[in-house]
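1. pasting the sequence and the predicted coordinates here, then a few questions.
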Protein chains: 2
Amino acid sequence: MNPIVMEKTNQANEILQEKGLDLWLIFVRETSAGGDPILPLIYGDTDLTWQSALLFSASGEKIAIVGQFEVETARNTGAFDKVIPYDESIQPMLMQELDRLNPQSIGVDMSQNDVLADGLSHGMYLNLMMILEGTPYAGRIISAEKVIAALRGRKTKTEIQRIKTAVSSTMEIYQQAFHQLKTDMTEMEVGEMMQAMVEARCLDFAWPKNSNPAVNTGPDSPIGHNAPTHLKIQPGHLLHFDFGVKQEDYCADIQRMVYFLKSGESKPPPSVQKGFKTVVEAIMAAFNAIKPGKTGIEVDSAARSVVINAGFPEYKYATGHQLGRLAHDGGGILGPSWDRYGKTPFLPIEVGQVYTLEPGLMVEGYGYVGIEEDIVISEHGAEFLTAPQTELFII
Amino acid sequence: MNPIVMEKTNQANEILQEKGLDLWLIFVRETSAGGDPILPLIYGDTDLTWQSALLFSASGEKIAIVGQFEVETARNTGAFDKVIPYDESIQPMLMQELDRLNPQSIGVDMSQNDVLADGLSHGMYLNLMMILEGTPYAGRIISAEKVIAALRGRKTKTEIQRIKTAVSSTMEIYQQAFHQLKTDMTEMEVGEMMQAMVEARCLDFAWPKNSNPAVNTGPDSPIGHNAPTHLKIQPGHLLHFDFGVKQEDYCADIQRMVYFLKSGESKPPPSVQKGFKTVVEAIMAAFNAIKPGKTGIEVDSAARSVVINAGFPEYKYATGHQLGRLAHDGGGILGPSWDRYGKTPFLPIEVGQVYTLEPGLMVEGYGYVGIEEDIVISEHGAEFLTAPQTELFII
């Protein structure tokens, strides 16, 4: 039995009750081709082949209607009280359960805004509507996006443990890499060295390999989701990393900073020190501001104002995002009220959510300073998932 | 540059012309959450974040409309003649290209039948319809399923090379495992031993690990997509495997047979020999029947009649399926005209398609005999991707 599936399916019934949704209906087929992004959380790593329906009710029921050859697999998840097989068509069994439960609202995985709540393909939507045609249930279909955001956001014990493991592997690789860095290496050489370390451990990448790690040396390196370039590390460069592994399906996402002393320097110059200190302080301001019930915009503002008040230009992205099975795990973010973030900065911070904190700024003539820490929300605040960077690594 | 993306996007324009579809429009967002199953073939392993449109025309154009931060990544695919960035909304750029091309038919990735051609989520379908509302293009939207089936089916040189690599690793693990088999091992122990070999090589599984390998010993083992059981290998057992690794994103899917001699036996008993020989002959009958232009039902019938004529019960599944990035790669199958296969046994066999051949039968008192070979269609017939099994492995 997959502990995460057990934990998440129990959470699902609670969240349905809390959100006032009578029934959540996940409708899929041949999930080996991809399928709904919610499935790994509520069904596990195995496939559903024929048209299949997973039903969770606010009254606490968990039902799987699956092709006859997959009954054993569905039972083996341990997550469903009732596994209903079918042979020819799913329609009679699905209608029977709907008639018995008579839900007034039926949430399905469709969303114009949240990709993680939009796992129902258009073809399957049409198939579902054909099944429900002429029944009262067709008119009761709504989006399950609120349920999905809460379910993905509130990490269980096992999920947090897995994220910690990914964070810990990420930090080990950082340590190993930092001791092999030297001037004249190109960004690409540094990136390939770290990727080889990931692969030697049989780990996956938390986001695509072409920009994982991102490596930026000195003032001329383009910042963003770019691949490392042929730029060479020089004395007097700030070297910035954005890197994370995926391990047992969960991600880490951490930025770290190195400074290369110029000949004659025994410590970084004052502007570099000020830039680094400002980012550390911005992270601590966000960390001290965050707790359950606050909203992302408040936390973003705490970090952002530190950077602005220190005289640096405002960073053009959110202070943090959620982290989980995906490096950008959806739901609420720690961001400003900019149009492109929609409602996501106004969603409440909840116990068990995992966020990144990642303010950044440019130090003229030396390069970009960005640090990114991963934190989990606790009852009265938050905890770092690994020791935060508070000193520049000096080479 | 990803060679497969280069090869497949070139194929796409040709197939559009052949199928008489003016434009193929792939419409996605935040593909790190999963996204359309066609993307790895036409965009590669990297993500698209904001709403993005990939356009392929029958006239030979390849256009990507992507968020401004992803222009470089889209260009780096090497596959698009034109990469159009946008900042606020994709609508003006998409409308500009549609007005310029004025396609009379626009294929999108929606299909009630084929999951691999159904990569457009319902939420994104609604978003697309909002963009096209009030324009003539809204009424020209059709399913791109024929284009997608042809594109996935006709493997390129690089794709066939990768499948061969996966097949070769699968065979190496079979060889390694066969030399460690002994009586009294349970199916589970055998399965776990092979899984450890896959993981030691940092390979992936072609289908979920819980039934990969499938291991069936003797006459009492349940056949199907089941997990290995606690049944122990005994003298006089047929031992059946269904196993495949995924390597560089491409799959192998191969069944192999072992027989455990009873005390006093120097070779398998006549009924086991007959069962094994019948399956080998059924595979050769299918192999000799298959060539471009034939249909799956003809090939299925060639293999099926060998099993029936030898006096064994008819197997209750198709003789073969396509193989590629997925173990069941969609499109036409080598199957009978049973309802549940719909039109798929009637689709033409084409050069470059990769199929499995996997007839099977039960030998009473000894166990299941199933052999599965992987083949690629050539101009005048087919080729095996590894040496077929023609002798029982005897222990």
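-> On my side now, so go ahead. Residues are numbered from 1 along each chain as shown, chains lettered A, B, ... in the order given.
2. tell me where the stretch 151-300 of chain A is predicted with low confidence.
-> Scanning the stretch 151-300 of chain A with the threshold set as pLDDT under 70 gives A:225.
3. please enumerate the strands of it.
-> Under the criterion DSSP state E, counting those that start in this stretch, the stretch 151-300 of chain A contains strands at A:204-205, A:214-217, A:238-243, A:245-247, A:250-251, A:254-259.
4. dump the ones you listed to TSV, plus mean neighbour count and distance to chain B.
-> Bear in mind the C-beta positions are built from the backbone N, C-alpha and C, glycine included. Shown next, in TSV, are the strands of the stretch 151-300 of chain A (neighbours: other C-beta atoms under 10 Å in any protein chain shown; distance: least, C-beta to the nearest C-beta, whole Å):
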stretch	mean neighbour count	distance to chain B
strand A:204-205	18	10
strand A:214-217	26	12
strand A:238-243	25	14
strand A:245-247	24	11
strand A:250-251	26	10
strand A:254-259	24	17
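5. which of these sits closest to B:Ser32?
-> strand A:250-251 (10.1 Å; C-beta to C-beta).
6. just to revisit the earlier point, possible to save the strands of the stretch 151-300 of chain A as CSV with distance to B:Val306?
-> CSV is the format used below for these (distance: least, C-beta to C-beta, whole Å):
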stretch, distance to B:Val306
strand A:204-205, 44
strand A:214-217, 58
strand A:238-243, 56
strand A:245-247, 47
strand A:250-251, 49
strand A:254-259, 59
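7. looking at those, which is nearest to B:Asp99?
-> strand A:214-217 (37.6 Å).
8. gap between that closest one and the chain center?
-> 22 Å (C-alpha atoms, centre = their mean, to the nearest Å).
9. tell me which strands it pairs with, and in which orientation.
-> Strand A:214-217 sits in its sheet next to strand A:238-243 (antiparallel), going by DSSP bridges.
10. contact partners for the closest residue to A:Val167 other than its chain neighbours?
-> Spatial nearest neighbour of A:Val167, excluding adjacent residues (C-beta to C-beta, 6 or more residues apart in numbering or on different chains): A:Ala252 at 4.2 Å. By C-beta atoms under 8 Å, 6 or more residues apart in numbering or on different chains, the contact set of A:Ala252 is A:163, A:166-167, A:169-170, A:206, A:244-246, A:323, A:374, A:385.
11. so what's A:Ser168 closest to, chain neighbours aside?
-> A:Thr386 (6.6 Å).
12. now the residue nearest the centre of chain A: which helix or strand?
-> In chain A, the centroid-proximal residue (C-alpha atoms, centre = their mean) is A:Asp329; its distance is 2.4 Å. Assigned by DSSP states H and E, A:Asp329 belongs to no helix or strand.
13. wait, it sits on A:Gln353?
-> No. With contact defined as C-beta atoms under 8 Å, A:Asp329 does not reach A:Gln353; the gap is 9.1 Å.
14. pull up the overlap in contacts between these two.
-> A:153, A:322.
15. what's the neighbour count on the residue lying closest to A:Gln255 once chain neighbours are set aside?
-> Using C-beta to C-beta, 6+ apart and skipping residues adjacent in sequence, the residue nearest A:Gln255 is A:Glu372, 3.5 Å away. Other residues within reach of A:Glu372, judged by other C-beta atoms under 10 Å in any protein chain shown, total 24.
16. residues contacting A:Glu372?
-> Listed by C-beta under 8 Å, 6+ apart, the contact partners of A:Glu372 are A:242, A:253-255, A:356-358.
17. local confidence estimate at it?
-> On the pLDDT scale, A:Glu372 is placed at 98.
18. what about it, distance to B:Val190?
-> Taking C-beta to C-beta, to the nearest Å as the measure, A:Glu372 falls 45 Å from B:Val190.
19. that older thread, just the closest of the contacts of A:Glu372 to A:Thr295, please.
-> Out of the contacts of A:Glu372, the member with the shortest distance to A:Thr295 (by C-beta to C-beta) is A:Leu357, at 15.3 Å.
20. that closest one bridge partners, please.
-> Residues in beta-bridge contact with A:Leu357 (DSSP bridges): A:Glu373.
21. so it sits against A:Ala303, correct?
-> Yes. Taking contacts as C-beta under 8 Å, A:Leu357 lies within contact range of A:Ala303: 6.8 Å.
22. mutual contacts of these two, please.
-> Joint contacts of A:Leu357 and A:Ala303 (C-beta under 8 Å, 6+ apart) are A:283, A:286, A:319, A:334.
23. which ones among the residues you listed are found in helices?
-> Among the shared contacts of A:Leu357 and A:Ala303, the members falling in helices (DSSP state H) are A:283, A:286.
24. can you add distance to chain B and neighbour count and give the shared contacts of A:Leu357 and A:Ala303 back as a markdown table?
-> Formatted as a markdown table, the shared contacts of A:Leu357 and A:Ala303 follow (distance: C-beta to the nearest C-beta, whole Å; neighbours: other C-beta atoms under 10 Å in any protein chain shown):
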| residue | distance to chain B | neighbour count |
| --- | --- | --- |
| A:Ile283 | 24 | 25 |
| A:Ala286 | 23 | 27 |
| A:Thr319 | 18 | 31 |
| A:Leu334 | 18 | 31 |
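25. most distant residue from the centre of chain A?
-> Outermost residue of chain A (C-alpha atoms, centre = their mean): A:Gly264, 43.3 Å.
26. how close does that one get to B:Lys8?
-> 55 Å.
27. do A:Gly296 as well
-> Using C-beta to C-beta, A:Gly296 is found at 40 Å from B:Lys8.
28. comparing these two, which residue is more hemmed in?
-> Just comparing A:Gly296 and B:Lys8: by other C-beta under 10 Å the higher neighbour count belongs to A:Gly296, 28 against 25.
29. how many neighbours does the residue in the stretch 251-395 of chain A positioned nearest to chain B have?
-> In the stretch 251-395 of chain A, the residue that lies nearest chain B is A:Leu326 (5.7 Å; C-beta to the nearest C-beta). Using other C-beta under 10 Å, A:Leu326 has 24 other residues around it.
30. okay but it is in contact with B:Gly34, surely?
-> No. A:Leu326 lies out of contact with B:Gly34 (C-beta under 8 Å); the separation is 9.3 Å.
31. other residues contacting the longest helix along chain A?
-> Longest helix in chain A, counting residues (DSSP H): helix A:157-178. With contact meaning C-beta under 8 Å, 6+ apart, helix A:157-178 is reached by A:3-4, A:7, A:155, A:190, A:193-194, A:197-198, A:201, A:203, A:206, A:241, A:243-252, A:254, A:256, A:258, A:323-324, A:352, A:354, A:374, A:376, A:385-386, A:393, A:395.
32. try stretch A:109-118
-> Contact with stretch A:109-118 is made by A:26-27, A:36-38, A:119-120, A:125, A:143-145, A:148-149, A:152, A:326, A:329-331, A:342, B:29-30, B:33, B:121-124, B:126-127, as judged by C-beta under 8 Å, 6+ apart.
33. generate the PyMOL command that creates a selection of the buried members of those.
-> Those of the contacts of stretch A:109-118 that count as buried under 16 or more other C-beta atoms under 10 Å in any protein chain shown are selected in PyMOL with:
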select buried, (chain A and resi 26+27+36+37+38+119+120+125+143+144+145+148+149+152+326+329+330+331) or (chain B and resi 29+30+33+121+122+123+124+127)
